[in-house]
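J.: Sequence first, predicted model second:
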Amino acid sequence: MGEGKREGRARGRPPLPAGEGKLYAVGFRTSKKVKDFLQQMADSGERSIAQEIEQRLLQSYDFEGTLGGPRATAFFRKLAEAVERVSPDERWLDDYQLFRTVRSLLVKTIDDLAPPTPEPIDVAIRLARDGLQTILGAGEFLGSEVREAALSFARNLADNPRVPADVRAELSSNLAEIQHREAS
């Protein structure tokens, strides 16, 4: 041994493998029913309660991804809540009348959650943009009548003072590009 260096094993706790870090304590209170459930699930998976809670928390985020993200998950949860108001168990899946009731409620709930109906001018702008993008892209497959109708529609909107100025400028620019391509 030389100058205070020890040979052999290093002292202290060995470093954690890459990707693993320090664990942090998070406390929360729960009912006996939930604690007993978590204990039962932890025991069956040979995990501690803390590991069970962590796994379930991570799974809840995976679940959101499976359903399309947090907003879609919230949407589907509202549908599930509506079903539970009619039938707190799964009887509705076996009972025709109850099933029809749940179906009607789901349709109503979906309609209630729908985004607002766009204004007619917004629909017209979207149609004009889509038509011009199709012509600018690979518009050869459009028939001449459909192509001319799309161009005429876009021209009318480009000249309409009710259409926002930036949209009119965009439509005019696309129309000019199409005209330039045709002239070449």
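T.: Cool, got the structure. Numbering: from 1, shown residues only.

J.: number of nearby residues for residue 153?
T.: As a burial measure, residue 153 scores 16 neighbours (other C-beta atoms under 10 Å). Yep, even glycine has a C-beta here, placed from its N, CA and C like the rest.

J.: That one: helix or strand, and which one exactly?
T.: helix 144-158 (DSSP states H and E).

J.: any idea which helix or strand carries residue 46?
T.: Counting by DSSP H and E, residue 46 is part of no helix or strand.

J.: returning to what we had before: which residues are in contact with the helix holding residue 153?
T.: Defining contact as C-beta atoms under 8 Å, 6 or more residues apart in numbering, one finds that helix 144-158 is touched by 124-125, 127-128, 131-132, 134-135, 139, 142, 163, 167-168, 171-172, 174-175, 178.

J.: filter the residues you listed to the buried ones?
T.: 124-125, 128, 131-132, 135, 139, 163, 167-168, 171, 174-175, 178 (16 or more other C-beta atoms under 10 Å).

J.: buried set for the helix or strand bottoming out on mean pLDDT in the chain?
T.: Using mean pLDDT, DSSP states H and E, the weakest-scoring helix or strand in the chain turns out to be helix 49-66, at a mean of 82. By neighbour count with 16+ other C-beta under 10 Å, helix 49-66 contains the buried residues 52, 53, 64.

J.: Check the offset of it from the chain's centre.
T.: The chain centroid and the centroid of helix 49-66 are separated by 18 Å under C-alpha atoms, centre = their mean, to the nearest Å.

J.: same thing with stretch 75-90?
T.: That offset, for stretch 75-90, works out to 20 Å (C-alpha atoms, centre = their mean).
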